[in-house]
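J.: 3D, please:
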Amino acid sequence: MKKISIVVPAYNEEGNVEELASQVDLVFQGLDKYDHEIIFVENGSTDNTFKVLKDLQKTNNRISIVKLSRNFKMDGGIAAGINQVNADAAIIMTANLQDDPSIIPEFIELWEEGYNHVYGIVKSRPGKSPLRRLNSKFFYFLINKLSNGQIPKGVSDYRLVDKKVIDAVKKLGEFNRFYRGFFSWVGFKSIGLEFERNQRFSGKSHASTIPVLGFALKGIFAFSLTPLRISTFFALFLSASSIIILGIQVFRWLRYGVPFDGFGTVVGILLLLIGFLFTAIAILSEYIGLIYNETKGRPHFIIDEIY
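T.: Presented below is the predicted three-dimensional model:
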């Protein structure tokens, strides 16, 4: 009998974890060829999530709890969860029931067809503000282009990964974990599965605009050198343009006696160059920050205890 681990990072999800476990167990009642376990990663919650999980564990022996020492964000929770997987495959999903457990059989069916990596693609995001939906569309468009199509548009953390995919990802030593990129980068036979994302079952979303923007920037800078290359291209373009403009001005002065353009033109060019310079410094600073974090050699997560 094949075993599948359900990996669920949970941060302040006291109103969701019991219902999620119930729905997952119900799904697997119809999948009697498979054994399953649910690995909840208690990600430094400040509410009663851990207490609810401990109470739930008393009546459900399929549940294990990985309690982290603090909140290590979603990617830290995923890292801690897949590090505990000892199964033929793992399904990663959120604790808030936005990732619908009822489509788990579709993930498994594609896996059995020979796909090592089945990733969920969000068709719609009900309950999200127009600004949040616009931010998501722009991020996925940008990361798709910057990664040369390796990261599909609309891809989510909801996915099934075969054991050999997990083993390959575990070997990636970067401190800056961007698992949507990692799972794509390691290769293997992959396919997307479209699904309608549910609204949260309970509680408020932790993903406000600023944290989502930070996550997007982390993904872009941790997974692509394209921003640096764009910066280099514009530097060369502006340098060449400046030389050409200066050459034209010198030629007009020597040939026709036309004086150089006035103060306004000089200020405009300087402002353009200064604006580009600060943008380039900002991009470079992001990469320096990533390198600095890598040199510390800190762990991706710290486990308080496993139950």
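
J.: ok, which stretches of this structure are helices?
T.: 17-29, 49-59, 73-82, 104-112, 130-146, 163-170, 179-185, 209-223, 226-256, 263-296 (DSSP state H).

J.: could you give the mean pLDDT of the fourth one?
T.: Mean pLDDT, helix 104-112: 94.

J.: Mind listing residues that contact stretch 21-32?
T.: Here stretch 21-32 makes contact (Cβ atoms under 8 Å, 6 or more residues apart in numbering) with 6, 34, 36, 38, 56, 60, 62-63, 97, 101-102, 104-105, 108. C-betas here are computed from N, CA, C, even on glycine.

J.: Most neighbours among the residues you listed, which one?
T.: Neighbour counts for these (other Cβ atoms under 10 Å) peak at residue 6, which has 27 neighbours.

J.: Show the pLDDT at it.
T.: 96.

J.: From residue 233, how far off is it?
T.: Going from residue 6 to residue 233 by Cβ to Cβ, to the nearest Å gives 45 Å.

J.: Return the residues in contact with the closest residue to residue 51 other than its chain neighbours.
T.: Spatial nearest neighbour of residue 51, excluding adjacent residues (Cβ to Cβ, 6 or more residues apart in numbering): residue 14 at 7.8 Å. When the contact criterion is Cβ under 8 Å, 6+ apart, the partners of residue 14 are 45, 47, 48, 49, 51, 52, 203.

J.: Would you list the phi and psi of the first one?
T.: Okay, so that is residue 45. The phi and psi values for residue 45, taken as degrees, to the nearest 10, are phi -60, psi 150.

J.: That one is in contact with residue 15, isn't it?
T.: No: Residue 45 lies out of contact with residue 15 (Cβ atoms under 8 Å); the separation is 11.6 Å.

J.: which of these two has more neighbours?
T.: Per other Cβ under 10 Å, whichever of residue 45 and residue 15 has more neighbours is residue 45, with 21 against 18.

J.: Pop the domain breakdown of this structure in here.
T.: If you go by automatic domain parsing, the domain ranges for the chain are 2-205+299-306, 226-296.

J.: mean pLDDT lowest for which of those?
T.: domain 226-296 (a mean of 68).

J.: Give me the common contacts of residue 45 and residue 15.
T.: Between them, residue 45 and residue 15 share no contacting residue under Cβ under 8 Å, 6+ apart.

J.: still on that earlier bit, please pick the buried ones from the contacts of residue 14.
T.: The neighbour-count test (16 or more other Cβ atoms under 10 Å) marks 45, 49, 52 as buried among the contacts of residue 14.

J.: Does the second one touch residue 9 like I think?
T.: The one in question is residue 49. No: at 10.9 Å, residue 49 does not count as touching residue 9 under the criterion of Cβ under 8 Å.

J.: Please enumerate the shared neighbours of these two.
T.: Contact with both residue 49 and residue 9 is made by no residue, according to Cβ under 8 Å, 6+ apart.

J.: who touches stretch 69-83?
T.: So stretch 69-83 is in contact with 7-11, 39, 41, 43-45, 66, 68, 90, 92, 157, 161, 166, 169-170, 177-179, 215, 300-304, going by Cβ under 8 Å, 6+ apart.

J.: Pull out the buried residues from that stretch.
T.: 71-83.

J.: repeat for stretch 29-44
T.: 34, 36, 37, 38, 39, 40, 41, 42, 43, 44.

J.: end to end, how far does it reach?
T.: One end of stretch 29-44 sits 31 Å from the other (Cα to Cα, to the nearest Å).

J.: picking up where we left off before, looking at the domains of the chain, which is buried most?
T.: Among the domains of the chain, the stretch with the highest mean neighbour count (mean count of other Cβ atoms under 10 Å) is domain 2-205+299-306, at a mean of 18.

J.: From residue 195, how far off is residue 72?
T.: Residue 72 sits 26 Å away from residue 195, going by Cβ to Cβ.
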